[in-house]
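Chemist: sequence-free structure coming up:
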DNA sequence: ATGGTAGGTACCCTA
């Protein structure tokens, strides 16, 4: 089973790029963030036509929005409201698997970006981000065990490791790489002893990015990237993890998202 | 130290 996550930054504008990625990579399950559209204007027909007959979408006007598009059926699909808001940042689906006595849960997350100022007293968006990550940690721990097969993926808006950013030193005070966020994300990772599926393949001392700002003139040349998009799996899934792909080339071409798709293969 | 670009929307918000 091939699972892909992508912060698409408007699914309506990016539909041709999405169909291109789907055709090239043939993922079984596509998880999107920042779809930026209410469900009634989600381009669902084109995706069904492309083979993604099973859809779980949860969007709103202008901001946020998450979606799961699948070739395989779900047994359950859920919408989760976080930190007392209804801002379309967490949905989940359950997929049956022969390998486990219970379904595999897939959680599609769009963690708040957190604004510019890394100070909760001055910036409510940063406070919201930290509370969101805390709540995720608590919720995963309260609703599951480390023996359950779960996948958590999406735009986490945090680059936790030194080599998840182009300059550790220069980004220590930049939202996405501050010590307080990294500590919160560690708390979330500890909640179910989550394994970082991408760092399973790419050593921690090697640079790895999934996002490059639109503000850089030549993103490839300057290469000031960050690894904001993640795929985490619980321990029972680790023996089934076969491959990963970061579709860096998707940052090129006509009307690219500032994030690139990230993918894993699980034999389920 | 600053400002740079993109998307959606409605004249400004978020990233």
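Modeler: Yes, it's here. Bear in mind the structure is a predicted one, so any value in this text is a computation, not a measurement.

Chemist: pLDDT of stretch A:257-266, averaged?
Modeler: Here stretch A:257-266 scores 98 as its mean pLDDT.

Chemist: can you list the residues that contact stretch A:96-106?
Modeler: A:3, A:29, A:31, A:68, A:73, A:75-76, A:92-95, A:144, A:148-151, A:153, A:236-237, A:240, A:267-268 (Cβ atoms under 8 Å, 6 or more residues apart in numbering). C-beta coordinates here come from the backbone N, C-alpha and C atoms, glycine included.

Chemist: which among those count as buried?
Modeler: The neighbour-count criterion (16 or more other Cβ atoms under 10 Å) marks A:3, A:29, A:31, A:68, A:92-95, A:148-151, A:153, A:236-237, A:240, A:268 among those as buried.

Chemist: for chain A, which residues are neighbours of DNA strand B?
Modeler: Proximity of chain A to DNA strand B (Cβ under 7 Å from any atom of the strand) is limited to residues A:9-10, A:12-13, A:36-37, A:61-63, A:112-115, A:125, A:157, A:213-215, A:255.

Chemist: what count of nearby residues applies to the closest residue to residue A:60 other than its chain neighbours?
Modeler: Once flanking residues are discounted, residue A:60 sits nearest to residue A:88: 4.9 Å by Cβ to Cβ, 6 or more residues apart in numbering. By other Cβ atoms under 10 Å, 25 other residues sit near residue A:88.

Chemist: can you give me the helices in the stretch 1-150 of chain A?
Modeler: Applying DSSP state H, counting those that start in this stretch to the stretch 1-150 of chain A gives helices spanning A:15-25, A:44-49, A:124-143.

Chemist: can I get these in JSON lines with mean pLDDT?
Modeler: Below are those laid out as JSON lines (pLDDT from 0 to 100):
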{"stretch": "helix A:15-25", "mean pLDDT": "98"}
{"stretch": "helix A:44-49", "mean pLDDT": "98"}
{"stretch": "helix A:124-143", "mean pLDDT": "98"}
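
Chemist: please produce TSV containing those, extended by mean neighbour count and distance to residue A:56.
Modeler: Formatted as TSV, the helices of the stretch 1-150 of chain A follow (neighbours: other Cβ atoms under 10 Å; distance: least, Cβ to Cβ, whole Å):
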stretch	mean neighbour count	distance to residue A:56
helix A:15-25	16	16
helix A:44-49	14	11
helix A:124-143	18	18
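
Chemist: for residue A:263, which of those is the nearest?
Modeler: Residue A:263 lies closest, by Cβ to Cβ, to one member of those: helix A:15-25, at 6.2 Å.

Chemist: quick one: contacts for the residue of the stretch 1-150 of chain A found nearest DNA strand B?
Modeler: As assessed by Cβ to the nearest atom of the strand, DNA strand B sits closest to residue A:10 within the stretch 1-150 of chain A, at 2.9 Å. Applying Cβ under 8 Å, 6+ apart, we find residue A:10 in contact with A:34-37.

Chemist: pull the contacting residues for the nearest residue to residue A:227 once chain neighbours are set aside.
Modeler: Closest residue to residue A:227 apart from its sequence neighbours, by Cβ to Cβ, 6+ apart: residue A:164 at 3.8 Å. Taking Cβ under 8 Å, 6+ apart, we find residue A:164 in contact with A:177, A:208-209, A:226-227.

Chemist: and with 10 Å instead?
Modeler: Listed by Cβ atoms under 10 Å, 6 or more residues apart in numbering, the contact partners of residue A:164 are A:158, A:171, A:176-177, A:182, A:196, A:198-199, A:204, A:207-210, A:225-228, A:230.

Chemist: also residue A:259?
Modeler: By Cβ under 10 Å, 6+ apart, the residues touching residue A:259 are A:5-9, A:33-34, A:155, A:209-212, A:226, A:228-229, A:250-251.

Chemist: got the angle between the one helix or strand residue A:242 maps to and helix A:15-25?
Modeler: If you go by DSSP states H and E, residue A:242 is part of strand A:241-246. With axes from the mean of the first three to the mean of the last three Cα atoms, to 10 degrees defining the directions, strand A:241-246 sits at 140 degrees from helix A:15-25.

Chemist: so residue A:268 makes contact with residue A:1?
Modeler: Yes. Using Cβ atoms under 10 Å, residue A:268 makes contact with residue A:1 at a distance of 4.7 Å.
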